[in-house]
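# Provided below are the primary sequence and the corresponding predicted coordinates.
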Amino acid sequence: MASPLNQVDLSCQISRSEEEPRLAQAQRRLLHLRLVSAGLLGDGQLGPGLLVLFEGWDAAGKGGAIRRLVAPLDPRHVTVASFAAPTEREIRHHFLWRFFPLLPGLGGMTVFDRSWYGRVLVERVEGLIDQKTWRRSYDEITTTETALVSEGMVIVKCFLHISEEEQLKRFEARQNDPLKKWKLTDEDWRNRAKRTEYEKAINEMIEKTSSPAAPWDLIPANSKRYARLAVLETVITRLEEGMNACGIEVPPSKGDDYSA
């Protein structure tokens, strides 16, 4: 059986002329759904909290996808949180502890730029934890996600996948742009040198933690335009499913097609 990453069609593209109207349409649709879910439109009933979680290769375009995702929303109605290595205080707690204060409540929305999956990716590959610990973490993560969904949360997990060749192209572009070179670090190059190890960890992560409650959505990201639109349309689909599951009436889309 082919690994999850090998099943992603990285040739997916979209022209600018097709992307722009679909992106605007999708952003408006997301705004409508969020206002209903937040109780600001409709009967005032709060819908499910929405957690959109981003993982992906360095330079895969997570930042650009997040910007397009939150652009139509009132900043008061969404939280974007970025996670790096845990602090000394955070290390003293269970690895999931630091994420919980930022989880959305009913009607809320949070975006995680990187997440608790660092436990089974960076911490695993870099040898920061032993094998027994990272293997145990799969069940801890899936159990937690299932519990959150059972309590009324929608969890959308997007992994942005790019080829090794495309990643190198983007690294070099950043290195040669004085306004973007700050984005490229020695750690990025070290991670790239361990791509085979990371591929193994990513594939296993997807297989072990893609559950009915919180499946992974693998986003082809060699084309940034395609990836940004695919993320938006994926979030819309997942949110509509979650609203239906919670008994919140999903407003009609007036015949517009929001599928990825």
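Yes, it's here.
# only C-alpha atoms for contact and neighbour calcs from this point on.
OK.
# can you pull out the strands in the stretch 51-200 of the chain?
79-82, 109-113, 153-161 (DSSP state E, counting those that start in this stretch).
# tell me the contacts of residue 249?
For residue 249, the contact set (CA atoms under 8 Å, 6 or more residues apart in numbering) comprises residue 243.
# try residue 108
Going by CA under 8 Å, 6+ apart, residue 108 touches 37, 38, 48, 49, 50, 77, 78.
# Find the least confident helix or strand in this protein, judged by mean pLDDT.
helix 186-193 (a mean of 88; mean pLDDT, DSSP states H and E).
# which parts of that one are buried?
In terms of neighbour count (16 or more other CA atoms under 10 Å), helix 186-193 has its buried residues at 191, 192.
# so where is the stretch 151-260 of the chain shaky, pLDDT-wise?
255-260 (pLDDT under 70).
# Which stretches in it count as helices?
Under the criterion DSSP state H, counting those that start in this stretch, helices of the stretch 151-260 of the chain are mapped to 164-175, 186-193, 195-209, 224-245.
# So for residue 71, which of the ones you listed sits nearest?
helix 224-245 (10.8 Å; CA to CA).
# Out of the strands of the stretch 51-200 of the chain, which gets nearest to residue 172?
Taking those one by one with CA to CA, strand 153-161 is closest: 18.0 Å.
# roughly how far is the closest one from the heart of the chain?
Centre-to-centre, strand 153-161 and its host chain are 4 Å apart (CA atoms, centre = their mean, to the nearest Å).
# how big is the angle separating that strand from helix 224-245?
With axes from the mean of the first three to the mean of the last three CA atoms, to 10 degrees defining the directions, strand 153-161 sits at 160 degrees from helix 224-245.
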